[in-house]
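*Asks:* A structural model of the following input is requested.
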Amino acid sequence: MAEKENYQASQKRTDRPRIGITIGDYNGVGPEIILKVLQDKRLTNFCTPVIYGSGKILTKYKRLLNIENFSYHQYNNNSYLNEKKPNVVNCWIEAQELQVGKVTKEAGECAYLALKKSTEDLKAGFLDAVVTCPINKANIQQEEFQYAGHTEYYTENFGEKGKDSLMLLCAGDLRVGVITGHIPLSEVPKAITRELIIKKSTALIDALKKDFGIQKPKIAILGLNPHAGEEGLLGNEEKNVIAPTIRELKKKGNLVYGPYPSDGFFGTLMYKEFDGVLAMYHDQGLIPFKTLAFDNGVNYTAGLNVIRTSPDHGTAYNIAGKGIASEESLREAIYLAIDVVRNRNKVTGYQIRPEAQELLQQIKDREKKGREEKMPLEDQLAEAQNLPPKPFKKEFKKRPSEQQHHPKKEQQQKGGFAKRESVEPKKEENNQGNSEPTSAE
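*Replies:* Next up is the predicted model:
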């Protein structure tokens, strides 16, 4: 307890925040992606990882996957945290049998115990943020956990009074929030009200300012019906509820625009012009988001008084234990948690170490001379500062045909038509996507 109190006193320290990582359903890919991410020892330069689960489970997966480059410190309330390596908090005593790739009651119960312990430590100020690995929404259900998912659980425990939380999917500059969340599609139209749109818009705007450091965020709101209702021909929700609410938000000085038809909005890459997007329902936002950023997407719960992120995929039982699950989404979730900790403490970047000063000056001098080749020196600078990899940013390339001269297209652009770029089809990787309907949300 004394150790926790000491940490609370220095909670604003952001050079190496404490990041809790819950194991999720241990029969899914959670343990595997944790081990893969924490093999990179550079991570402890930026945070102190605290894993909530079981050291025995991690050891079993380490043997199963033939992972040698991983060791951890066993932490309990009477010991110290090791800032040089991952720490593991055992959340259950009994040894559990692995049934990799299968849904079991025991795995659901243990997933909740890990979640419960991390919640207690988060409330006590022992952690700066938490990253949750995927759970199975069915087998975790019990008397103490009766929620549709992580988002609802954290809203119940850490929601700010009078404010709504928001499920926000993030990948670089692409941020998509969902207004109605985890409810049946048949209930969506009745759920969309002026009050709900205002609450979710406010949650998004506040998060973009406080957590992402965007002073004057610009957000887009999608319509509900095909073609955003087509002036009432295909539905009246836009005309009667959504558009009037957008006008009301604008009158308060917010940069809010819409309603936009979802297909055209994403198809013409309009999302690039906004800091955040609000979809009316779950699949309207998540289908285009995961199409663009499945491997690197992060699920962030905005509007809480704590910081919670999650990889944007499910338990992926179909590939669990095979060593082929991608850990990139978890890595990005950890980096986003670190960034939000720093932004909330008004720390915008890492301090430049003395050995990096000379390289930084070289970059500045080179830019003055108009040189274009920046990458080699910037990579050296990043290494000298021990910086994490740059945030994921999706790059879109033109097809060869679009790089050629097209007088007709140029004429259209002069007439006010926006230039439309094409997205290259994504190359498939064998079983690399952690694609299961059960998710980390």
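
*Asks:* residues touching G20, list them.
*Replies:* Contacts for G20 (C-beta atoms under 8 Å, 6 or more residues apart in numbering) come out as V50, I51, Y52, S118, D121, L122, L127, A129, V130, V131. In short, each C-beta sits where N, CA and C put it, glycine included.

*Asks:* Show me where the stretch 101-250 of the chain has its helices.
*Replies:* Along the stretch 101-250 of the chain, counting by DSSP state H, counting those that start in this stretch, helices occupy 105-123, 150-158, 188-191, 194-210, 237, 243-251.

*Asks:* Equivalent analysis for the stretch 251-400 of the chain, please.
*Replies:* 262-267, 282-293, 328-344, 354-368, 375-385.

*Asks:* burial of S329, as a residue count?
*Replies:* S329 is flanked by 28 other residues according to other C-beta atoms under 10 Å.

*Asks:* Across the sheet, point out what pairs with the residue positioned nearest the centre of the chain.
*Replies:* The chain has V298 as the residue nearest its centroid, 2.2 Å off, counting by C-alpha atoms, centre = their mean. Using DSSP bridges, the bridge partners assigned to V298 are C170, P311.

*Asks:* That one and S310 touch, don't they?
*Replies:* Yes. Between V298 and S310 there is a contact at 7.1 Å, judged by C-beta atoms under 8 Å.

*Asks:* Report the set of residues contacting both of those two.
*Replies:* What both V298 and S310 touch, as defined by C-beta under 8 Å, 6+ apart, is the set A333.

*Asks:* Determine which of the helices of the stretch 101-250 of the chain approaches L292 most closely.
*Replies:* Among those, helix 194-210 comes nearest to L292, with 18.5 Å by C-beta to C-beta.

*Asks:* quick one: the closest one to helix 243-251, angle?
*Replies:* Interaxial angle, helix 194-210 versus helix 243-251 (axes from the mean of the first three to the mean of the last three C-alpha atoms, to 10 degrees): 40 degrees.

*Asks:* Can you give the contact residues for helix 194-210?
*Replies:* With C-beta under 8 Å, 6+ apart as the contact definition, helix 194-210 has outside contacts at 163-166, 168, 175, 177, 179-180, 214-215, 217, 219, 221, 241-242, 244-246, 248-249, 254, 256, 275-276, 278, 300, 302-303, 343-344.

*Asks:* and if we set it to 7 Å?
*Replies:* Residues from elsewhere that reach helix 194-210 (C-beta atoms under 7 Å, 6 or more residues apart in numbering): 163-166, 168, 177, 179, 214-215, 217, 219, 241-242, 245, 249, 254, 256, 275-276, 278, 302-303, 343-344.

*Asks:* Then stretch 135-145?
*Replies:* So stretch 135-145 is contacted by 24-25, 103-105, 107-109, 111-112, 148-150, 153, 315, 438 (C-beta under 7 Å, 6+ apart).

*Asks:* can you check stretch 218-230 too?
*Replies:* So stretch 218-230 is contacted by 189, 192, 201, 204-205, 234-239, 242, 246, 255-262, 265, 274-280, 284 (C-beta under 7 Å, 6+ apart).

*Asks:* Filter the residues you listed down to the buried ones, ChimeraX style.
*Replies:* Typed into ChimeraX, the line below selects the buried ones among these, using 16 or more other C-beta atoms under 10 Å:
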select :189,192,201,204,205,234,235,237,238,239,242,246,256,257,258,259,260,261,262,265,274,275,276,277,278,279,280,284
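
*Asks:* Could you tell me which of the contacts of stretch 218-230 are located in strands?
*Replies:* Assigned to strands by DSSP state E, the following of the contacts of stretch 218-230 qualify: L255, V256, Y257, G258, P259, Y260, G276, V277, L278, A279.

*Asks:* okay, G416: pLDDT?
*Replies:* With respect to pLDDT, G416 scores 41.

*Asks:* Make 57 the first number, not 1, from now on.
*Replies:* I'll keep to 57 as the first residue from here, and by that count the last item is G472.

*Asks:* okay, now T324: neighbour count?
*Replies:* Using other C-beta under 10 Å as the criterion, T324 is surrounded by 14 other residues.

*Asks:* pull the CA atoms of stretch 171-189 into CSV?
*Replies:* Written as CSV, here are the backbone C-alpha positions of stretch 171-189 (Å, rounded to 0.1, in the frame of the first residue of the first chain):
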residue,chain,number,x,y,z
LEU,A,171,-10.1,-7.2,-15.3
LYS,A,172,-11.2,-6.8,-11.7
LYS,A,173,-7.7,-6.6,-10.2
SER,A,174,-6.5,-4.1,-12.9
THR,A,175,-9.6,-2.0,-12.1
GLU,A,176,-8.8,-1.9,-8.4
ASP,A,177,-5.2,-0.8,-9.2
LEU,A,178,-6.5,1.8,-11.7
LYS,A,179,-8.8,3.3,-9.0
ALA,A,180,-6.0,3.3,-6.5
GLY,A,181,-3.8,5.3,-8.8
PHE,A,182,-1.3,2.5,-9.1
LEU,A,183,-1.6,2.6,-12.9
ASP,A,184,-1.6,5.5,-15.4
ALA,A,185,-3.5,3.6,-18.1
VAL,A,186,-4.8,0.2,-18.9
VAL,A,187,-4.8,-1.8,-22.2
THR,A,188,-7.3,-4.6,-22.4
CYS,A,189,-6.7,-7.8,-24.5
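
*Asks:* in it, what's buried?
*Replies:* Within stretch 171-189, the residues scored as buried using 16+ other C-beta under 10 Å are 171-175, 177-178, 182-189.

*Asks:* what does stretch 246-256 give?
*Replies:* Across stretch 246-256, burial judged by 16+ other C-beta under 10 Å covers I248, I253, I254, K255, K256.

*Asks:* I'd like the residues you listed as TSV, with pLDDT and distance to F102 appended.
*Replies:* Shown next, in TSV, are those (pLDDT from 0 to 100; distance: C-beta to C-beta, whole Å):
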residue	pLDDT	distance to F102
I248	96	40
I253	97	37
I254	97	37
K255	95	34
K256	96	31
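
*Asks:* closest to T115 among those?
*Replies:* The closest of the buried residues of stretch 246-256 to T115 turns out to be K256 (C-beta to C-beta; 42.9 Å).

*Asks:* out of everything not next to it in sequence, what's closest to the closest one?
*Replies:* In this structure, K256 finds its nearest non-sequential neighbour in I235, 4.7 Å apart by C-beta to C-beta, 6 or more residues apart in numbering.

*Asks:* go on, A204?
*Replies:* In space, A204 is closest to H238, 4.1 Å off (C-beta to C-beta, 6+ apart).
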